[in-house]
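Participant: Sequence and computational prediction follow.
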Amino acid sequence: MYERKIKEDFSCGITVAMRVFGAKWKPCIIDAIDKGCTRPSEIHRYIPEATPRVLDMQLSELLGIGVVVKETTEGFPLCSEYRLTELGRSFLPIVKQLDDWGNTYKHELMDKLAEAV
């Protein structure tokens, strides 16, 4: 298992928030679950740019931190669904603000972002 050489400083709230929610696709995953895409295949259809492997990794991290819970139905075939916890729901206003900001400035930033890559 990977061990950091330099310990993270969690005294800063931004550092904590970025560590939990700043990884690739996490805000989009939270948004997808909030909009009713609870199964992994539904989340992937909602975020087609993300690979299933990356989504699984991010869902596992969100599960481990307590942002989502996983419910598996019995029977055949097995069906897994993710739900937001209270902690996950507390992030929804921030996701909404990110979405609003992105929609406001996307036309202005589209070309600049394409060039920055």
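Facilitator: Perfect, I can see it now.

Participant: use CA for all of it now, contacts and neighbours both
Facilitator: Will do.

Participant: Let me know the pLDDT of the residue nearest to the spatial centre of the chain.
Facilitator: Within the chain, the residue whose C-alpha comes closest to the C-alpha centroid is residue 26; the distance, by CA atoms, centre = their mean, is 1.5 Å. What the model reports as pLDDT for residue 26 is 96.

Participant: swap in residue 49?
Facilitator: The predicted structure lists residue 49 with a pLDDT of 95.

Participant: Please work out how many residues are found near residue 82.
Facilitator: Counted by other CA atoms under 10 Å, the residues lying close to residue 82 total 22.

Participant: Correction: the previous question concerned residue 69.
Facilitator: 17.

Participant: tell me the contacts of it?
Facilitator: If a contact means CA atoms under 8 Å, 6 or more residues apart in numbering, then residue 69 has 63, 82-85 as its contacts.

Participant: Name the residues that touch the helix or strand that contains residue 104?
Facilitator: Assigned by DSSP states H and E, residue 104 belongs to helix 92-116. Contacts of helix 92-116 from elsewhere in the structure, counted by CA under 8 Å, 6+ apart, are 27, 30-31.

Participant: Flag every buried residue along the lowest-mean-pLDDT helix or strand in the chain.
Facilitator: Confidence across the helices and strands of the chain bottoms out at helix 13-21, with a mean of 88, counting by mean pLDDT, DSSP states H and E. Of the residues in helix 13-21, those with enough neighbours to count as buried (16 or more other CA atoms under 10 Å) are 20-21.

Participant: For residue 87, report the pLDDT, please.
Facilitator: 96.

Participant: circling back to that earlier point, in helices, which of the contacts of residue 69 appear?
Facilitator: Using DSSP state H, the members of the contacts of residue 69 that fall within helices are residue 63.
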